[in-house]
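Q: quick one, fold the following:
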Amino acid sequence: MAEVVGVFQVGVGVMLALVVALVLIYWYIRDITQKRHTVLRNYPVIGHLRFFFEDLGEYFRQYFFLGDRDEMPFNRATRGWVYRMAKNEGGILGFGSTYDLNQSGALVFVNAAFPVLEGEHLPSPPVVIGEGWCEKPFSTVSLINVSGMSYGAISKPAVQALSRGAAMGGCYMDTGEGGLSPYHLEGGCDVIYQIGTAKYGVRDEAGRLDPEKLRTMAAHEHVRAFEIKLSQGAKPGKGGVLPAAKVTEEIARIRGIPMGKDSLSPNRHPETSNMEELLDMVVRVREITGKPVGVKTAIGGWQFMHELVEAVHRRGLSSAPDFLAIDGGEGGSGAAPQALADHMALSINEALPRVVDALIESGLRDRIKVIASGKLITPAKVAWALACGADLINTARGYMFSLGCIQALRCHQNSCPTGITTHDPRLQRGLDVGDKAERVAAYTRNMNKEVEMIAHACGLKHARQFRREHVRIVQPNGQSVALNVLYPYPPLR
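A: All right, here's what the predicted structure looks like:
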């Protein structure tokens, strides 16, 4: 019996060896005869190791080789900070910070000799959008809010967790350009409905704005404002892209598009070819909905703001958008062409103070509220934006990290390992809606709390008192310069 087993084992071994040999011979012949890859043609079989390690290289660098402050787009120290806030673990560290205060662009806040005592703190007052200019103005308190992430770009459980967490944390949620889903509403949070260039959810068969569908969306109690999106930081000058693999039957129904085909938005609203037509659209949407209407855009220069303020003064204050959501060129939580993501539009660091200056110079600062976004995921960056003049801050990737995002860089491949940007039920299963909603709420509360803490250390009673003189920016020579020197406040009109 033992001899039979031995012979069988030898036979199996020989068969496996033959199979391996045949596979290697096949690979060798295929590699040496193909013409696409020089490496494989010159080094058949073993050349595959090069592609294997190249594919895994970014993950090896992320976990084993890069320092805590080295990685892009968000380093490990920053992600860890967000994770701790989302888990209510606090922002406490020991033995000193790894943040380099001598690096160019480093933020330094001007601490007060006599900071505000605990009993002297005041709550940050609410921001009221559209007051006096529409039937139903929108009041919101949270300094930080959920930026636009479409249902489709992110998954059903991700939208559910964000909606519930935003309600618990007291912030609003932007729908992104993918339209309003039931999952945006189920948590009971305030919602800003984004009207993208394809007008998903409020379009007729020809892709034009449908007034009746717009009224239907405005009738929802929790839809508090509308946002006309011109462009975003990830892909300014190009419309949204949702690959066919992520266009499910439900998403196609919500958006009003065919199922199973790439969802491509135009690179601008066809009916807005100039500033006059854009303001016409703002006025039309506000008249139809009775709610505040703003404009979201990335900024490439100063022409946009010059044309905007001139047109508003020419037409009257009633034609102005109720808010401007300014996205930096470093923004973007989804898929985008690298040429645009890398090189198009100004950074929020430059765009935000310039936009605020244009509104101050034109006397429109009180009329138009400013919302800032673009990698503003830590308390320090939020405090900086408030000091620049922003009224509110939106973040997408900060909330993605609070949901458990590990920066796998697969947002566009429908294979997100954390279930956030995939419609694969197997991967979505790992995202527990209840637990992640708690983390979204905790991130919101702790961000607000830590921004207020910075304000108190600067001698301010609440965070909306931040001004540019409270922040210094380190220059390439290692010395810091006050923000109000880099961007002096313009004279009031």
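
Q: next, the contact list for residue 108, please.
A: 101, 471-474, 480 (CB atoms under 8 Å, 6 or more residues apart in numbering). Backbone N, C-alpha and C define where each C-beta goes, glycine included.

Q: please report phi then psi for it.
A: phi -130, psi 120 (degrees, to the nearest 10).

Q: from residue 364, how far off is the residue nearest the centre of the chain?
A: The residue lying closest to the centre of the chain (CA atoms, centre = their mean) is residue 396, at 2.9 Å. Using CB to CB, to the nearest Å, residue 396 is found at 27 Å from residue 364.

Q: also residue 393?
A: Residue 393 is 20 Å from residue 364, by CB to CB.

Q: who's more crowded, those two?
A: residue 393 (28 against 20; other CB atoms under 10 Å).

Q: that one reaches residue 143, doesn't it?
A: Yes - applying CB atoms under 8 Å, one finds residue 393 in contact with residue 143, separated by 6.0 Å.

Q: quick one: low-confidence ranges for this protein?
A: Filtered on pLDDT under 70, the chain yields the residue ranges 1-10, 50-72, 233-241, 331-336, 493.

Q: which one's the longest helix in it?
A: Longest helix in the chain, counting residues (DSSP state H): helix 2-33.

Q: following element in sequence after that helix, please.
A: helix 38-42 (DSSP states H and E).

Q: quick one: stretch 418-427 to chain centroid distance?
A: 18 Å (CA atoms, centre = their mean, to the nearest Å).

Q: what sits up against it?
A: By CB under 8 Å, 6+ apart, the surrounding residues in contact with stretch 418-427 are 153-158, 245-246, 248, 251, 334, 400, 403-406, 408, 410-412, 414-417, 428-431.

Q: got it, and stretch 478-491?
A: Contacts to stretch 478-491, defined as CB under 8 Å, 6+ apart, come from residues 102, 106, 108, 110, 353-354, 357, 360-361, 384, 387-388, 467-475.

Q: of the residues you listed, buried ones?
A: 106, 353-354, 357, 360-361, 384, 387-388, 468, 470-474 (16 or more other CB atoms under 10 Å).

Q: circling back to that earlier point, so which bits of the longest helix of the chain are buried?
A: For helix 2-33, by 16+ other CB under 10 Å, it's 27, 31.

Q: ok, now stretch 414-427?
A: 414, 416, 418-423, 427.

Q: show me how far the strand or helix carrying residue 281 is from its chain's centre.
A: Using DSSP H and E, residue 281 maps to helix 275-289. Helix 275-289 sits 26 Å away from the centroid of its parent chain (CA atoms, centre = their mean).

Q: ok, now stretch 483-493?
A: Distance, centroid of stretch 483-493 to centroid of chain: 28 Å (CA atoms, centre = their mean).

Q: ok, now stretch 178-185?
A: With CA atoms, centre = their mean as the basis, stretch 178-185 stands 17 Å off its chain's centre.

Q: what does it rub up against?
A: 150-153, 156, 159-160, 163, 173, 175, 191, 193, 196, 200-202, 217, 220, 222-223, 240, 242, 250-251, 254-256.

Q: residue 167 should be in a helix, yeah?
A: Yes - with DSSP: H, G, I helix; E, B strand; the rest coil as the criterion, residue 167 is located in a helix.

Q: next one: it from residue 87, what distance?
A: Using CB to CB, we find residue 167 at a distance of 19 Å from residue 87.

Q: can I get the buried ones among the contacts of stretch 418-427 as something I can paste into PyMOL?
A: Selecting only the buried entries of those in PyMOL, with 16+ other CB under 10 Å as the criterion:
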select buried, resi 153+154+155+156+157+158+246+251+334+400+403+404+405+406+408+411+412+414+416+428+431
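
Q: which ones among the contacts of stretch 418-427 lie within helices?
A: When DSSP H is applied, those are split such that 156-158, 251, 400, 403, 428 fall in helices.

Q: could I get those as CSV with distance to residue 282?
A: CSV is the format used below for the ones in helices among the contacts of stretch 418-427 (distance: CB to CB, whole Å):
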residue, distance to residue 282
156, 32
157, 34
158, 30
251, 28
400, 30
403, 32
428, 37
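
Q: which one among the residues you listed gets closest to residue 74?
A: When these are ranked by distance to residue 74 (CB to CB), residue 400 comes first, at 9.9 Å.

Q: in contact with residue 166, which residues?
A: Residue 166 sits in contact with 145-146, 172-173, 187, 189-190, 440-441, 444, where contact means CB under 8 Å, 6+ apart.

Q: OK, contacts around the nearest residue to it once chain neighbours are set aside?
A: In space, residue 166 comes closest to residue 189 once its chain neighbours are excluded; the distance is 3.7 Å by CB to CB, 6 or more residues apart in numbering. Shown in contact with residue 189 (CB under 8 Å, 6+ apart): 163-164, 166-167, 171-173, 222.

Q: tabulate those residues (CSV), appending distance to residue 42.
A: CSV is the format used below for the contacts of residue 189 (distance: CB to CB, whole Å):
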residue, distance to residue 42
163, 55
164, 56
166, 55
167, 60
171, 57
172, 58
173, 54
222, 62
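
Q: can you pull out the helices in the stretch 101-250 of the chain?
A: With DSSP state H, counting those that start in this stretch, the ranges of helices along the stretch 101-250 of the chain come out as 156-169, 182-185, 211-218, 249-255.

Q: to clarify, my last question referred to the stretch 251-400 of the chain.
A: Ranges of helices in the stretch 251-400 of the chain, per DSSP H, counting those that start in this stretch, are 275-289, 303-315, 338-343, 348-362, 379-388, 397-403.

Q: what packs against the first one?
A: Using 3 or more CB pairs under 8 Å, 6 or more residues apart in numbering; DSSP states H and E as the contact criterion, the secondary-structure elements in contact with helix 275-289 are helix 211-218, strand 223-229, strand 293-298, helix 303-315.

Q: just the buried subset of the contacts of stretch 178-185, written out for PyMOL, thanks.
A: If you want just the buried ones from the contacts of stretch 178-185 in PyMOL, going by 16+ other CB under 10 Å, the selection is:
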select buried, resi 150+151+152+153+156+159+160+163+173+175+191+193+196+200+201+202+217+222+223+240+242+250+251+254+255+256
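
Q: which residue packs closest to residue 259, ignoring adjacent ones?
A: residue 252 (3.9 Å).

Q: how about the contacts made by the one you found?
A: 258-260.

Q: let's see it at 10 Å
A: Counting by CB atoms under 10 Å, 6 or more residues apart in numbering, residue 252 touches 152, 258-261, 263.

Q: now restrict these to buried residues only.
A: Judged by 16+ other CB under 10 Å, buried ones among the contacts of residue 252: 152, 263.

Q: from residue 463, how far off is the closest residue to residue 365 other than its chain neighbours?
A: Sequence neighbours aside, residue 359 is the residue nearest to residue 365 in space, at 4.4 Å (criterion: CB to CB, 6+ apart). Distance, residue 359 to residue 463, by CB to CB: 20 Å.
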